[in-house]
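1. Show me how the following folds:
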Amino acid sequence: MALNTKIYFASDQHFGAPTAELSFPREKKFVAWLDEIKKDATALFLLGDLFDFWFEYKTVVPKGFVRVLGKLAELRDAGIPIYFFVGNHDLWMEDYFQKELDIPVYHTTQEFTFNDKLFLIGHGDGLGPGDKGYKRMKKVFTNPFSKWLFRWLHPDLGIRLAQYLSVKNKLISGDEDVVYLGEEKEWLVLYSKRKLETKHYDYFIFGHRHLPMTIKVGENATYANLGDWIGYFTYGVFDGEKFELKEYKNL
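-> Here you go, the predicted model:
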């Protein structure tokens with residue numbers, strides 16, 4: 001993909017947490033950011049956990065988030081490509097975004113090339129040598145039988161139960177440790193270095209850790225974590241030459 005404007009990246013908004021009321025100001029701030037980037041965005045990448053919980057029944061999706069979904073629809077209608085990667089909180093997303101918003105949904109890391117720079121992009125959950133508790137739980141959550149059982153719960157019960165577990169149980173959320181562990185212990189840094197052993201990437205872009213950081217992981221190779229929209233309000237931008245992390249301070 002050739003560039004003459006900018007590609008934007010954001011992750012871990014967790015809208016709906018800890019309550020819809022407390023989440024609302026963050027949603028308004030995110031929508032304002034989406035409105036601002038519309039003027040020069042070549043593409044937008046959302047790297048998971050946009051919602052603190054999301055499950056698609058055959059005819060039902062969680063209510064709320066109208067402003068966010070409407071603004072994403074507006075960007076797509078303006079011709080801006082949007083790519084969505086499921087996180088550990090919205091991993092049960094299926095085809096709603098694709099059908100309603102024309103936004104492709106990815107469940108695994110993907111490669112993209114921009115101006116001859118190779119990017120490896122994903123949410124980041126379950127990658128690398130750590131995150132063992134979540135890796136075990138993810139196998140349960142993504143099992144087709146588990147999803148089939150959950151679908152039998154009435155949405156009022158199922159969504160309320162899932163929201164409670166998402167907020168209260170840090171093992172299930174995968175976010176039990178949000179302090180910087182050091183370059184030799186950050187498992188997404190280790191994952192990036194391991195990938196470089198077999199193929200060169202210019203940038204590894206992930207979310208999940210909730211900590212904004214950029215770390216050199218090899219010659220001309222950078223790992224970046226996008227932070228979150230809970231305490232940091234950070235995002236990434238690639239202008240065709242370099243990638244930067246920035247903080248959105250408006251509102």
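2. Lys249 and Ala32: what is the separation?
-> Distance from Lys249 to Ala32, counting by Cβ to Cβ, to the nearest Å: 11 Å. No exception for glycine: its C-beta is placed from N, CA and C like everyone else's.
3. Among the two, which residue is more densely surrounded?
-> Ala32 (14 against 7; other Cβ atoms under 10 Å).
4. And the helices in the chain, which stretches?
-> Here the chain has its helices, by DSSP state H, at 20-37, 66-77, 96-101, 132-141, 144-151, 155-168, 170-173, 187-196.
5. What is the neighbour count of Leu44?
-> For Leu44, the count of nearby residues is 23 (other Cβ under 10 Å).
6. Hmm, it is touching Gly79, no?
-> No - counting by Cβ atoms under 8 Å, Leu44 does not reach Gly79; the two are 11.8 Å apart.
7. Could you list which residues are in contact with the closest residue to Gln13 other than its chain neighbours?
-> Using Cβ to Cβ, 6 or more residues apart in numbering and skipping the chain neighbours, the partner closest in space to Gln13 is Trp229 (4.2 Å). Counting by Cβ atoms under 8 Å, 6 or more residues apart in numbering, Trp229 touches 10, 12-14, 26, 29-30.
8. Give me the distance between the two termini of stretch 221-235.
-> Using Cα to Cα, to the nearest Å, the end-to-end distance of stretch 221-235 comes out at 19 Å.
9. per-residue pLDDT, Lys185?
-> What the model reports as pLDDT for Lys185 is 85.
10. typo on my end, Tyr8
-> Listed pLDDT for Tyr8 reads 98.
11. and it, how many neighbours?
-> With other Cβ under 10 Å as criterion, Tyr8 counts 24.
12. From Val68, how far out is the closest residue in space to Gly64 that isn't next to it in sequence?
-> Once flanking residues are discounted, Gly64 sits nearest to Ala20: 5.8 Å by Cβ to Cβ, 6+ apart. Per Cβ to Cβ, Ala20 is found 12 Å from Val68.
13. Looking at those two, which is more packed in?
-> Val68 (18 against 15).
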